[in-house]
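J.: Quick one, structure for this:
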Amino acid sequence: MKTCKSVLPWALLGVALFFPACATGPGMEILPTLPQKEAARGLVPQEYLCPGVGQEAPDPRLAKEIQAFLEQNWMFGGLPDGVASDLPLVLNGPVQAYLRSFSNSKNFQATLARSGRYLPMIRQVFQEYGLPQDLVYVALVESGFSPWARSPKEAVGMWQFIEGTARRYGLRVNEQVDERRDPEKSTRAAAHYLRDLYQQFGCWYLAAAGYNAGEKRVEGVVNRHDTRDFWTMAQKKLLPQETCNYVPQLIAAALIAKNPGRYGFPEIKYQAPRAAAKVRVPGGLNWRWFANSLEVPEKEFLEFNPELQGERLPEGTKEYWLKVPGNKKGQADHLARLSWRLEKMASLRDSN
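T.: Numbering: from 1, shown residues only. As a prediction, this is how the structure comes out:
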């Protein structure tokens, strides 16, 4: 690897780093572009951005100098010292285009506000899995942090799992529950999937691309074209248009979320996490009866348990953990004990 003195000026000179959008199809958005001299302003060495499997790790001094350069030039969104991203960020043409597109958007502002409800939980899970914290904004790009999101391709939940991938990562999808809508369970599945993708590709950009397009499609490009550079794949139109846009959107979303005031959102009223408690109840229980007995409106009850569908909890499980408003914990515990007694009486009756 080159020394700090020989590589860093290459970054500072801003050699052209501009990659046009991938091929567009009918009805697909054409990625906006910027003049090449502007697009060049985010260049950092490839070794820092996206080390491949088996490559030497970047020199720590070089990484520190690059970080300082990017911070001094507001390429981390004007973050305070010591708050730099742990996901490699680059400010090239496509990223700047999405910074412009997202800035001052009311929909983006609403998404940022909703993120406050889930980010503490997501950050904790991602920390457990050893993931870069900026990957939490995959949920922003995928669903706007909405457990109720559903795509035209039947991807569901905050992390937009299709059914096959959901089952592969341990999420139940049946007539009683769709755990793709369970914020914590789906977050753990997404963290597991992202970690597997990084282990496969050795690059967080390709991990994000694989999350969007599927690992087999990205793996095919890697094998056929002998590259692990996402931007090269975009330049050569090797990935779907949606995936070409996906990584710049993720980077732009992370930059704005770190410093929303700089991008037209001076005051975000972040939603607070719900104060919830868990209670253990028998499998097969009619959850509507449980909610009504607690005097919790069904709509509110489903906000705590968005995975539920149908009228009963899964009957193939001995027990199920329901989430209830924190101020209902005492009543819910009493009701759960009653449910277990009724379950025992029913079992005795059936055995006789």
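J.: Just say helix, strand or coil for R280.
T.: strand (DSSP: H, G, I helix; E, B strand; the rest coil).
J.: tell me the contacts of it?
T.: By CB atoms under 8 Å, 6 or more residues apart in numbering, the contact list for R280 reads 319-321, 336. Any C-beta I mention is one placed from the backbone N, CA and C, and that applies to glycine too.
J.: so which of those residues is the most crowded?
T.: Y320 (21 neighbours; other CB atoms under 10 Å).
J.: Report the buried residues of stretch 103-116.
T.: By 16 or more other CB atoms under 10 Å, the buried positions in stretch 103-116 come out as 103, 108-109, 111-112, 114-115.
J.: Now do it: everything it contacts.
T.: Stretch 103-116 has contacts (CB under 8 Å, 6+ apart) with 102, 139-140, 144-146, 256-257, 260, 263-265, 268-273.
J.: What subset of those residues is buried?
T.: Buried positions within the contacts of stretch 103-116, assessed by neighbour count (16+ other CB under 10 Å), are 102, 139-140, 144-146, 256-257, 260, 263, 265, 268, 271.
J.: distance of the closest residue to A252 other than its chain neighbours from I122?
T.: Once flanking residues are discounted, A252 sits nearest to Y98: 3.7 Å by CB to CB, 6 or more residues apart in numbering. Distance from Y98 to I122, counting by CB to CB, to the nearest Å: 21 Å.
J.: who has more neighbours, those two?
T.: Between Y98 and I122, I122 has the larger neighbour count (other CB under 10 Å), namely 26 against 22.
J.: Check what pLDDT the more buried one gets.
T.: Per-residue confidence at I122 stands at 96 (pLDDT).
J.: how about stretch 306-316: buried residues?
T.: The neighbour-count check on stretch 306-316 (16+ other CB under 10 Å) flags 306-308, 312-314 as buried.
J.: export it as CSV, just CAs?
T.: This file holds the C-alpha atoms of stretch 306-316, laid out as CSV (Å, rounded to 0.1, in the frame of the first residue of the first chain):
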residue,chain,number,x,y,z
PRO,A,306,-47.8,-4.9,14.2
GLU,A,307,-46.9,-8.5,13.3
LEU,A,308,-50.4,-9.8,14.3
GLN,A,309,-52.9,-10.7,11.6
GLY,A,310,-56.1,-12.8,11.9
GLU,A,311,-57.8,-13.1,15.3
ARG,A,312,-55.6,-15.5,17.2
LEU,A,313,-52.0,-15.9,18.1
PRO,A,314,-50.1,-18.8,16.5
GLU,A,315,-51.6,-22.0,17.7
GLY,A,316,-48.5,-24.1,17.0
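J.: tell me the mean pLDDT for it?
T.: 90.
J.: ditto for stretch 143-162
T.: Mean per-residue pLDDT for stretch 143-162: 96.
J.: Tell me the span between the first and last residue of it.
T.: Stretch 143-162 has an end-to-end distance of 13 Å (CA to CA, to the nearest Å).
J.: Equivalent analysis for stretch 123-134, please.
T.: 9 Å.
J.: Return the distance of that stretch from the chain's centre.
T.: Here stretch 123-134 is found 11 Å from its chain centre; the criterion is CA atoms, centre = their mean, to the nearest Å.
J.: where does the stretch 251-352 of the chain dip in pLDDT?
T.: Residues of the stretch 251-352 of the chain meeting the criterion pLDDT under 70: 347, 350-352.
J.: If we use 80, what do you get?
T.: Along the stretch 251-352 of the chain, the model assigns pLDDT under 80 to residues 316, 343-352.
J.: Which parts of the stretch 201-350 of the chain are strands?
T.: Along the stretch 201-350 of the chain, the stretches classed as strands by DSSP state E, counting those that start in this stretch are 276-282, 319-325.
J.: Tell me which of those strands sits most buried.
T.: Of all these, strand 319-325 has the most neighbours on average by mean count of other CB atoms under 10 Å, namely a mean of 19.
J.: on that earlier part again, which among the buried ones among the contacts of stretch 103-116 gets closest to Y193?
T.: Taking CB to CB as the measure, Y193 lies nearest A139 of the buried ones among the contacts of stretch 103-116, at 12.6 Å.
J.: tell me which element the closest one falls in.
T.: helix 138-143 (DSSP states H and E).
J.: Could you pull up the contacting residues of the residue nearest to F161 when sequence neighbours are not counted?
T.: Among residues not flanking F161 along the chain, R180 sits closest, at 4.7 Å (CB to CB, 6+ apart). By CB under 8 Å, 6+ apart, R180 lies in contact with 156-157, 159, 161, 163, 166, 171, 173, 186, 307.
J.: if we take those residues, which one ends up nearest to R228?
T.: Using CB to CB, W159 is the member of the contacts of R180 that lies nearest R228, at 24.2 Å.
J.: Show the contacting residues for the closest one.
T.: By CB under 8 Å, 6+ apart, W159 lies in contact with 138-139, 142-143, 180, 186-187, 189-190.
J.: That one in helix, strand or coil?
T.: W159 ends up coil, using three-state DSSP.
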